[in-house]
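[1] Could you look at this predicted model? Sequence included:
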Amino acid sequence: MALVKNLKAPGNKKALAKASKRVKSRDGRTVWAQRSRRKPLFLWFTPFVGKAARLLIADMQRRYGCKPAYGGCNGRFNGPLLARLRSDAYPPKFGPAVVKAARSQLGVVETPVNAGPALEKYYAVGWGGRPNPYGWCTWFAAWCWQQGLKAIGSHVKLGVQLGRVYMPNTGVVLAAAKSGSPHLKVVTRPKPGDWVCMFNGGHSGILEKVLGGGRYQTIEGNTSSGDSGSQTNGGGVYRRVRYAGQIDGFVRYVA
(Lines give C-alpha, C1' and ligand atoms only; values in the text may rest on other atoms or scores of the structure.)
Protein backbone atom coordinates (compact mmCIF):
# COMPACT_ATOMS: atom_id res chain seq x y z
CA MET A 1 0.00 0.00 0.00
CA ALA A 2 1.54 3.24 -1.12
CA LEU A 3 2.19 5.78 1.61
CA VAL A 4 1.91 9.46 0.77
CA LYS A 5 4.12 11.71 2.89
CA ASN A 6 4.99 15.41 3.23
CA LEU A 7 1.62 16.78 2.16
CA LYS A 8 1.74 20.13 3.94
CA ALA A 9 -0.87 21.97 1.90
CA PRO A 10 -4.25 21.94 3.74
CA GLY A 11 -6.14 21.52 0.47
CA ASN A 12 -4.14 18.46 -0.44
CA LYS A 13 -4.73 16.86 2.95
CA LYS A 14 -8.45 17.54 2.81
CA ALA A 15 -8.79 15.99 -0.63
CA LEU A 16 -6.62 13.04 0.29
CA ALA A 17 -8.55 12.34 3.50
CA LYS A 18 -11.64 11.41 1.48
CA ALA A 19 -9.85 8.49 -0.10
CA SER A 20 -7.41 7.67 2.66
CA LYS A 21 -7.27 6.64 6.27
CA ARG A 22 -4.97 7.88 8.97
CA VAL A 23 -2.50 5.38 10.39
CA LYS A 24 0.54 5.44 12.62
CA SER A 25 3.91 4.42 11.33
CA ARG A 26 6.23 2.24 13.37
CA ASP A 27 8.23 5.23 14.58
CA GLY A 28 5.06 7.01 15.75
CA ARG A 29 4.83 9.59 12.96
CA THR A 30 1.50 10.21 11.27
CA VAL A 31 1.35 9.19 7.64
CA TRP A 32 -1.41 8.91 5.10
CA ALA A 33 -2.24 5.51 3.66
CA GLN A 34 -4.27 5.43 0.48
CA ARG A 35 -7.43 3.32 0.72
CA SER A 36 -7.46 0.32 -1.52
CA ARG A 37 -10.25 0.35 -4.07
CA ARG A 38 -9.20 -2.99 -5.51
CA LYS A 39 -11.56 -5.95 -5.71
CA PRO A 40 -11.06 -8.34 -2.75
CA LEU A 41 -8.60 -11.07 -3.66
CA PHE A 42 -11.04 -13.96 -3.30
CA LEU A 43 -13.40 -12.38 -5.83
CA TRP A 44 -10.75 -12.68 -8.53
CA PHE A 45 -10.67 -16.46 -8.04
CA THR A 46 -14.41 -17.04 -7.73
CA PRO A 47 -15.04 -17.66 -11.46
CA PHE A 48 -12.18 -20.16 -11.62
CA VAL A 49 -13.28 -21.99 -8.45
CA GLY A 50 -16.83 -22.15 -9.76
CA LYS A 51 -15.63 -23.54 -13.08
CA ALA A 52 -13.48 -26.15 -11.33
CA ALA A 53 -16.44 -27.20 -9.19
CA ARG A 54 -18.65 -27.56 -12.26
CA LEU A 55 -16.00 -29.65 -14.01
CA LEU A 56 -15.67 -31.86 -10.93
CA ILE A 57 -19.43 -32.42 -10.70
CA ALA A 58 -19.64 -33.13 -14.44
CA ASP A 59 -16.89 -35.72 -14.02
CA MET A 60 -18.89 -37.39 -11.23
CA GLN A 61 -21.95 -37.39 -13.48
CA ARG A 62 -20.01 -39.18 -16.20
CA ARG A 63 -18.42 -41.61 -13.77
CA TYR A 64 -21.67 -42.59 -12.12
CA GLY A 65 -23.77 -42.40 -15.28
CA CYS A 66 -26.07 -39.82 -13.68
CA LYS A 67 -26.65 -37.44 -16.58
CA PRO A 68 -29.60 -35.00 -16.66
CA ALA A 69 -32.73 -36.20 -18.44
CA TYR A 70 -32.05 -33.97 -21.45
CA GLY A 71 -28.57 -35.45 -21.93
CA GLY A 72 -25.05 -34.20 -21.36
CA CYS A 73 -23.20 -33.40 -18.14
CA ASN A 74 -24.17 -29.93 -16.99
CA GLY A 75 -21.99 -29.78 -13.89
CA ARG A 76 -24.94 -29.42 -11.53
CA PHE A 77 -26.11 -31.74 -8.81
CA ASN A 78 -29.21 -33.68 -9.75
CA GLY A 79 -31.36 -36.34 -8.13
CA PRO A 80 -29.58 -39.44 -9.52
CA LEU A 81 -26.13 -38.06 -8.68
CA LEU A 82 -27.12 -37.11 -5.14
CA ALA A 83 -28.65 -40.55 -4.61
CA ARG A 84 -25.46 -42.21 -5.78
CA LEU A 85 -23.27 -40.03 -3.57
CA ARG A 86 -25.46 -40.80 -0.57
CA SER A 87 -25.21 -44.50 -1.33
CA ASP A 88 -21.42 -44.25 -1.17
CA ALA A 89 -21.50 -42.77 2.32
CA TYR A 90 -18.96 -44.37 4.64
CA PRO A 91 -20.32 -44.67 8.21
CA PRO A 92 -17.56 -43.16 10.40
CA LYS A 93 -18.18 -45.54 13.33
CA PHE A 94 -18.06 -48.67 11.18
CA GLY A 95 -14.29 -49.01 10.62
CA PRO A 96 -13.20 -48.52 14.25
CA ALA A 97 -15.82 -51.01 15.44
CA VAL A 98 -14.62 -53.59 12.91
CA VAL A 99 -10.99 -53.19 13.95
CA LYS A 100 -11.93 -53.40 17.63
CA ALA A 101 -13.79 -56.66 17.00
CA ALA A 102 -10.85 -58.11 15.06
CA ARG A 103 -8.39 -57.21 17.82
CA SER A 104 -10.59 -58.89 20.39
CA GLN A 105 -10.10 -62.21 18.57
CA LEU A 106 -6.30 -62.21 18.37
CA GLY A 107 -4.95 -65.55 19.54
CA VAL A 108 -8.06 -67.61 18.74
CA VAL A 109 -7.06 -71.07 17.48
CA GLU A 110 -9.25 -73.72 15.84
CA THR A 111 -9.77 -76.92 17.88
CA PRO A 112 -10.07 -79.28 16.05
CA VAL A 113 -9.57 -78.26 12.38
CA ASN A 114 -12.19 -75.75 11.25
CA ALA A 115 -14.07 -76.07 14.54
CA GLY A 116 -14.19 -74.72 18.08
CA PRO A 117 -16.40 -72.44 20.19
CA ALA A 118 -15.01 -69.23 18.72
CA LEU A 119 -15.39 -70.47 15.16
CA GLU A 120 -19.02 -71.36 15.68
CA LYS A 121 -19.91 -67.70 16.15
CA TYR A 122 -18.06 -66.85 12.91
CA TYR A 123 -20.00 -69.54 11.05
CA ALA A 124 -23.26 -68.31 12.55
CA VAL A 125 -22.92 -65.12 10.53
CA GLY A 126 -23.49 -67.05 7.32
CA TRP A 127 -23.65 -70.77 7.92
CA GLY A 128 -26.15 -70.92 10.77
CA GLY A 129 -23.63 -72.47 13.13
CA ARG A 130 -22.78 -75.35 10.79
CA PRO A 131 -19.11 -76.33 10.27
CA ASN A 132 -17.55 -74.66 7.26
CA PRO A 133 -15.84 -77.12 4.91
CA TYR A 134 -13.96 -74.35 3.10
CA GLY A 135 -11.98 -72.80 5.92
CA TRP A 136 -13.07 -69.79 7.92
CA CYS A 137 -11.03 -66.70 7.03
CA THR A 138 -14.00 -65.23 5.15
CA TRP A 139 -16.39 -65.84 8.02
CA PHE A 140 -13.99 -64.30 10.50
CA ALA A 141 -13.94 -61.13 8.37
CA ALA A 142 -17.72 -61.28 7.99
CA TRP A 143 -18.15 -61.60 11.76
CA CYS A 144 -15.94 -58.52 12.30
CA TRP A 145 -18.01 -56.58 9.78
CA GLN A 146 -21.18 -57.72 11.50
CA GLN A 147 -19.94 -56.08 14.72
CA GLY A 148 -19.37 -52.90 12.75
CA LEU A 149 -22.92 -53.07 11.42
CA LYS A 150 -24.24 -53.41 14.96
CA ALA A 151 -22.26 -50.32 15.96
CA ILE A 152 -24.00 -48.22 13.30
CA GLY A 153 -27.42 -49.75 13.94
CA SER A 154 -27.67 -51.63 10.64
CA HIS A 155 -29.69 -54.84 10.32
CA VAL A 156 -27.92 -56.15 7.21
CA LYS A 157 -27.01 -59.85 7.60
CA LEU A 158 -23.60 -60.04 6.01
CA GLY A 159 -22.95 -63.74 5.81
CA VAL A 160 -26.37 -64.59 4.46
CA GLN A 161 -26.84 -61.76 2.03
CA LEU A 162 -25.26 -58.36 1.54
CA GLY A 163 -27.40 -56.64 -1.04
CA ARG A 164 -27.43 -59.18 -3.88
CA VAL A 165 -24.35 -61.04 -2.68
CA TYR A 166 -23.99 -64.39 -0.99
CA MET A 167 -20.47 -64.71 0.38
CA PRO A 168 -18.99 -68.21 0.48
CA ASN A 169 -15.43 -67.13 -0.34
CA THR A 170 -13.08 -64.21 -0.83
CA GLY A 171 -13.24 -64.23 -4.61
CA VAL A 172 -17.00 -63.77 -4.56
CA VAL A 173 -16.71 -60.77 -2.22
CA LEU A 174 -14.32 -58.95 -4.56
CA ALA A 175 -16.26 -59.90 -7.68
CA ALA A 176 -19.49 -58.68 -6.10
CA ALA A 177 -17.93 -55.35 -5.18
CA LYS A 178 -16.67 -54.90 -8.74
CA SER A 179 -20.08 -55.74 -10.20
CA GLY A 180 -21.84 -53.01 -8.26
CA SER A 181 -23.30 -54.61 -5.16
CA PRO A 182 -25.34 -51.96 -3.31
CA HIS A 183 -23.25 -52.25 -0.12
CA LEU A 184 -19.82 -53.23 -1.42
CA LYS A 185 -17.30 -50.93 -3.03
CA VAL A 186 -13.75 -51.57 -4.26
CA VAL A 187 -11.43 -48.81 -3.01
CA THR A 188 -7.87 -47.85 -3.90
CA ARG A 189 -7.26 -45.77 -0.76
CA PRO A 190 -8.06 -48.23 2.03
CA LYS A 191 -9.05 -47.33 5.57
CA PRO A 192 -8.92 -49.40 8.77
CA GLY A 193 -11.87 -51.77 8.81
CA ASP A 194 -11.83 -52.46 5.07
CA TRP A 195 -12.04 -56.05 3.85
CA VAL A 196 -8.71 -57.25 2.41
CA CYS A 197 -8.87 -59.84 -0.40
CA MET A 198 -5.58 -61.70 -0.86
CA PHE A 199 -3.73 -64.51 -2.64
CA ASN A 200 -5.83 -64.69 -5.81
CA GLY A 201 -9.14 -65.02 -4.01
CA GLY A 202 -7.89 -67.55 -1.50
CA HIS A 203 -7.80 -65.52 1.71
CA SER A 204 -9.48 -62.66 3.59
CA GLY A 205 -8.54 -60.31 6.40
CA ILE A 206 -9.38 -57.02 8.06
CA LEU A 207 -7.19 -53.97 7.48
CA GLU A 208 -5.90 -52.62 10.77
CA LYS A 209 -3.42 -50.01 9.59
CA VAL A 210 -1.84 -48.64 6.41
CA LEU A 211 1.91 -48.73 7.02
CA GLY A 212 3.03 -47.05 3.81
CA GLY A 213 5.46 -48.21 1.18
CA GLY A 214 2.96 -50.75 -0.12
CA ARG A 215 2.66 -52.49 3.28
CA TYR A 216 -0.56 -53.12 5.15
CA GLN A 217 -1.10 -54.37 8.70
CA THR A 218 -3.99 -56.82 8.85
CA ILE A 219 -5.78 -59.08 11.29
CA GLU A 220 -6.67 -62.40 9.71
CA GLY A 221 -8.50 -65.56 10.63
CA ASN A 222 -7.27 -69.03 9.63
CA THR A 223 -3.68 -67.94 9.05
CA SER A 224 -0.29 -68.57 10.68
CA SER A 225 1.59 -66.33 13.06
CA GLY A 226 4.58 -66.11 10.71
CA ASP A 227 5.70 -66.69 7.15
CA SER A 228 6.78 -70.27 7.81
CA GLY A 229 3.26 -71.71 8.17
CA SER A 230 0.27 -71.72 5.85
CA GLN A 231 -0.88 -68.21 5.04
CA THR A 232 -4.39 -69.23 3.97
CA ASN A 233 -5.12 -72.19 6.26
CA GLY A 234 -3.03 -71.64 9.37
CA GLY A 235 -5.74 -72.23 11.96
CA GLY A 236 -5.51 -69.07 14.07
CA VAL A 237 -6.26 -65.34 14.28
CA TYR A 238 -3.06 -63.34 13.98
CA ARG A 239 -1.80 -59.87 13.13
CA ARG A 240 0.14 -59.88 9.87
CA VAL A 241 1.88 -57.49 7.49
CA ARG A 242 0.96 -57.94 3.84
CA TYR A 243 2.41 -56.38 0.73
CA ALA A 244 0.64 -54.82 -2.24
CA GLY A 245 1.68 -57.72 -4.48
CA GLN A 246 -0.17 -60.17 -2.22
CA ILE A 247 -3.42 -58.21 -2.22
CA ASP A 248 -6.14 -58.57 -4.84
CA GLY A 249 -8.15 -55.58 -3.63
CA PHE A 250 -9.77 -53.71 -0.76
CA VAL A 251 -13.53 -53.77 -0.29
CA ARG A 252 -15.46 -51.22 1.79
CA TYR A 253 -18.93 -51.33 3.23
CA VAL A 254 -21.00 -48.33 2.15
CA ALA A 255 -24.38 -47.43 3.62
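    Thanks, I have it.

[2] CA only for contacts and neighbour counts going forward, please
    Fine.

[3] Mind listing residues that contact stretch 207-223?
    Outside stretch 207-223, the residues that touch it by Cα atoms under 8 Å, 6 or more residues apart in numbering are 99, 102-103, 106, 135-138, 140-141, 190-196, 204-206, 229-244.

[4] which of these are buried?
    Buried by 16 or more other Cα atoms under 10 Å: 99, 102-103, 135-138, 140-141, 190-196, 204-206, 231-242, out of the contacts of stretch 207-223.

[5] Just the ones in strands from those, please.
    Taking DSSP state E, the ones among the buried ones among the contacts of stretch 207-223 that sit in strands are 195-196, 204-206, 236-242.

[6] the strands in the chain, which residues?
    Using DSSP E, strands in the chain cover 3-4, 20-24, 30-34, 184-187, 195-198, 203-212, 215-223, 236-243, 247-253.

[7] looking at those, which is closest to Lys121?
    Ranking these by their distance to Lys121 (criterion: Cα to Cα) puts strand 215-223 first, at 12.9 Å.

[8] That closest one: partners in the sheet, and parallel or antiparallel?
    strand 203-212 (antiparallel), strand 236-243 (antiparallel) (DSSP bridges).

[9] Go through those and name the closest to Gly249.
    Comparison of these against Gly249 by Cα to Cα identifies strand 203-212 as nearest, at 10.2 Å.

[10] what's the model's confidence in the closest one, averaged?
    For strand 203-212, the mean pLDDT works out to 96.

[11] in that strand, what's buried?
    Within strand 203-212, the residues that count as buried by 16+ other Cα under 10 Å are 203-210.

[12] Closest to Arg54 out of those residues?
    Among those, Val210 lies closest to Arg54 (Cα to Cα), at 32.8 Å.

[13] If that closest one is in a bridge, with which residues?
    Tyr216.

[14] Let me know the distance separating it from Gln146.
    22 Å (Cα to Cα, to the nearest Å).

[15] what do you get for Lys185?
    Between Lys185 and Gln146 the distance is 16 Å, computed by Cα to Cα.

[16] quick one: the helices in the stretch 51-200 of the chain?
    79-87, 94-104, 117-126, 137-151, 170-178 (DSSP state H, counting those that start in this stretch).

[17] which one of those helices lies closest to Arg54?
    Counting by Cα to Cα, Arg54 lies closest to helix 79-87 out of the helices of the stretch 51-200 of the chain; the figure is 13.4 Å.

[18] I'd like the mean pLDDT over the closest one, please.
    57.

[19] How is this protein divided into domains?
    Following automatic domain parsing, one gets these domains for the chain: 3-34, 41-87, 94-253.

[20] mean pLDDT lowest for which of those domains?
    domain 3-34 - the lowest mean pLDDT of the domains of the chain, at a mean of 49.

[21] okay, the strands paired with strand 215-223 in TSV with distance to Phe94 next?
    Converted to TSV, the strands paired with strand 215-223 look like this (distance: least, Cα to Cα, whole Å):
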stretch	distance to Phe94
strand 203-212	12
strand 236-243	20
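
[22] of all these, which lies closest to Pro112?
    That would be, of those and by Cα to Cα, strand 236-243, which comes in at 11.4 Å.

[23] so the closest one versus helix 94-104, what angle?
    Angle, strand 236-243 to helix 94-104, by axes from the mean of the first three to the mean of the last three Cα atoms, to 10 degrees: 120 degrees.

[24] So what touches strand 236-243?
    Contacts of strand 236-243 (Cα under 8 Å, 6+ apart): 105-110, 214-226.

[25] And these, which of them are buried?
    Buried among the contacts of strand 236-243 (16+ other Cα under 10 Å): 105, 108-110, 215-225.

[26] how about JSON lines for the strands of the chain, with distance to Tyr90 added?
    As requested, the strands of the chain are exported to JSON lines (distance: least, Cα to Cα, whole Å):
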{"stretch": "strand 3-4", "distance to Tyr90": "55"}
{"stretch": "strand 20-24", "distance to Tyr90": "52"}
{"stretch": "strand 30-34", "distance to Tyr90": "52"}
{"stretch": "strand 184-187", "distance to Tyr90": "10"}
{"stretch": "strand 195-198", "distance to Tyr90": "14"}
{"stretch": "strand 203-212", "distance to Tyr90": "15"}
{"stretch": "strand 215-223", "distance to Tyr90": "20"}
{"stretch": "strand 236-243", "distance to Tyr90": "24"}
{"stretch": "strand 247-253", "distance to Tyr90": "7"}
